[in-house]
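>>> Sequence and predicted structure are below.
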Amino acid sequence: MAHTRTKERPAEKTNLPVPSRRLPPVPVVRSKGLTPGELVKLHHSLAESLNTESGVVCQFVSAEGGAGTEDVGYDLAYVSAAWLGKRVLFVNGTGSRMDGSDRVAGRGRTPLLGHDDPFSDAEDRITRVSGLELYLMKMPTMRGALELSPTLKRIPEFLSRLREAFDMVVIASPAAAESPVGVLLSRFVDGNILVLESGRTRAPAALELRNSLSASGGTVVGAVLTKYRSFVPRMLRRWL
């Protein structure tokens, strides 16, 4: 596997305001995610295949809940920062939902978004993991399908600012069965990665998600398999 390219960080990256609130480091790796070696290979694969002039923005999304999207996204961000020395932002959107009452604004109601821009102060909510160039942020809330158009127009500008500030931006989106956020974001990121849970994710659901991302203009660059258990003894795996 070829190593990621060496690139100098632009001045904007070193001048990014450092959040005053810092979080203690969280150990890697969670048991239901990927192994450290797999995460390093994943980082290099993404950095090479998503070759951009500035930072790489990738999105992890599953077809159904419980596949471990948050674990994979955070662990990749952690390894990229702690082991590979990259400046990484992890955007956790797994909790984003679109309630049934949000889908259609009732007659006479004020639109849910109105003129508010959910991305206007999103960068002010970024926190830093103590001792690492690892930053965390919750995905801004996007509510009301009928009022999403103005918000979606702001996403390219928002992601462009993040690209200039970080080497890699890792977005963990909610499962497609629970929220359309991942599909909506798919065309704005550099690459989408499907998160499949071993023995649980149904093939038709995974195929439908891949087709939905592609139909929305997103680029699907691969998939990761979580919660996989090998029955081959550890001492024999290196021969396979």
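That came through fine.

>>> So for the helix ranked longest in the chain, what gets flagged as buried?
Criterion DSSP state H: the longest helix present in the chain is helix 148-165. For helix 148-165, a neighbour-count test (16 or more other C-beta atoms under 10 Å) marks 148, 151, 155, 158-159, 162-163, 165 as buried. C-beta here means a position set from N, CA and C on the backbone, and glycine is covered the same way.

>>> One more: stretch 201-214?
201, 205-206, 209-210, 212-213.

>>> And the contacts of that stretch?
By C-beta atoms under 8 Å, 6 or more residues apart in numbering, the residues outside stretch 201-214 that reach it are 61-64, 67, 176-177, 182-183, 186, 192, 194, 196, 220, 223.

>>> Burial check on Ala47, number of neighbours?
Ala47 has 22 neighbouring residues, counting by other C-beta atoms under 10 Å.

>>> So Val61: helix, strand or coil?
Recorded secondary structure, Val61: strand (DSSP: H, G, I helix; E, B strand; the rest coil).

>>> That one and Lys41, how far apart?
Using C-beta to C-beta, to the nearest Å, Val61 is found at 20 Å from Lys41.

>>> In this structure, where is pLDDT below threshold?
1-32, 97-121, 142-148, 229-240 (pLDDT under 70).

>>> ok, which stretches of it are strands?
Using DSSP state E, the strands of the chain run over 22-23, 56-62, 88-92, 127-129, 134-138, 168-172, 191-197, 220-226.

>>> So for Gly37, which of these sits nearest?
Gly37 lies closest to strand 220-226 among those, at 13.3 Å (C-beta to C-beta).

>>> what about dumping the CA coordinates of the closest one to CSV?
Provided in CSV are the C-alpha atoms of strand 220-226 (Å, rounded to 0.1, in the frame of the first residue of the first chain):
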residue,chain,number,x,y,z
VAL,A,220,-18.7,5.9,-3.5
VAL,A,221,-15.0,5.0,-3.1
GLY,A,222,-15.3,1.8,-1.0
ALA,A,223,-16.8,0.0,2.0
VAL,A,224,-15.6,-1.1,5.5
LEU,A,225,-16.8,-4.2,7.3
THR,A,226,-17.3,-3.9,11.0
